[in-house]
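Visitor: Below are the sequence and a predicted model; questions follow.
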Amino acid sequence: MKQLFEYHNHEEKILDLFEVIRERRSIRTYTKEEVSEENIEKLIDAARLAPSAGNIQPWEFVIVKNAEIKRKLSVAALDQRFIEEAPVVIVICANEERSSWRYGQRGRALYCLQDTAAATQNILLAAHALGLGACWIGAFHEEGVKKALNTPTGVRPVAIVPVGHPAEKPEAPPKRSIREIVHYESF
């Protein structure tokens, strides 16, 4: 009986995961309610558990609550003003130097970006699972973000993720069908 119970719980977890993946949306309007420190820590914990090439974990996370820094990030992000309205903004950065230790130029140019993308996705899914809203922003001037955050040499901002309690519930955008995107053995 115990084995059946464990299997049942496993099924529930799988369904919950797929539900979170299906229901997650990019949220660009937030209530004034603050995001708890506990939830911020859960988001970063989810991010740090992402896979990375050689388990190098090249990510760095900058938590921003300061209104002036959020304003600078918003300006650097092509004036996406909703960044300023979020109670907290997480900037995910890739430590290119760390990725190059083992993998050289490929680590610096590719693996650190893949690794931080996986960490960013974990933040988005965890935020939704916690009842929070978030949005992955990749459209920004890197130099403006670097200046706003005073990032050291070799650390590259990859994503800006505003996080807050959602004040909207967007409809699901259309997605390409599986048949359109899957190829077997070759194109």
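Guide: Sure thing, it's come through.

Visitor: List the contacts of the residue lying closest to Glu143 once chain neighbours are set aside.
Guide: Leaving aside its sequence neighbours, Glu143 sits nearest to Ala76 (CB to CB, 6 or more residues apart in numbering; 7.9 Å). Yep, even glycine has a C-beta here, placed from its N, CA and C like the rest. For Ala76, the contact set (CB atoms under 8 Å, 6 or more residues apart in numbering) comprises Phe140, His141, Glu143, Gly144, Val145, Lys147, Ala148.

Visitor: In the chain, which residue is most central in space?
Guide: Thr120 (2.2 Å; CA atoms, centre = their mean).

Visitor: from what I can see that one touches Ile92, true?
Guide: Yes - under the criterion of CB atoms under 8 Å, Thr120 makes contact with Ile92 at 5.1 Å.

Visitor: what's the overlap in contacts for these two?
Guide: Common neighbours of Thr120 and Ile92 (CB under 8 Å, 6+ apart) are Ala47, Val158, Ala159, Val161.

Visitor: which one of the contacts of Ala76 is nearest Cys112?
Guide: For these, the residue nearest Cys112 by CB to CB is Val145; the value is 15.9 Å.

Visitor: can you confirm the closest one is in a strand?
Guide: No - counting by DSSP: H, G, I helix; E, B strand; the rest coil, Val145 falls outside a strand, being helix.

Visitor: Once you drop chain neighbours, what's closest to it?
Guide: Pro157 (4.2 Å).

Visitor: Helix or strand, whichever it is, which one in this structure has the lowest mean pLDDT?
Guide: Every helix and strand in the chain was compared by mean pLDDT, DSSP states H and E; the lowest is helix 2-23, with a mean of 66.

Visitor: Who are the packing partners of the helix or strand following it?
Guide: Using DSSP states H and E, the helix or strand that follows helix 2-23 in sequence is helix 37-48. Contacts defined by 3 or more CB pairs under 8 Å, 6 or more residues apart in numbering; DSSP states H and E place helix 37-48 against strand 59-64, strand 88-95, helix 112-129.

Visitor: Can you add mean pLDDT and distance to Glu185 and give these back as JSON lines?
Guide: Formatted as JSON lines, the helices and strands packed on helix 37-48 follow (pLDDT from 0 to 100; distance: least, CB to CB, whole Å):
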{"stretch": "strand 59-64", "mean pLDDT": "98", "distance to Glu185": "35"}
{"stretch": "strand 88-95", "mean pLDDT": "98", "distance to Glu185": "33"}
{"stretch": "helix 112-129", "mean pLDDT": "97", "distance to Glu185": "24"}
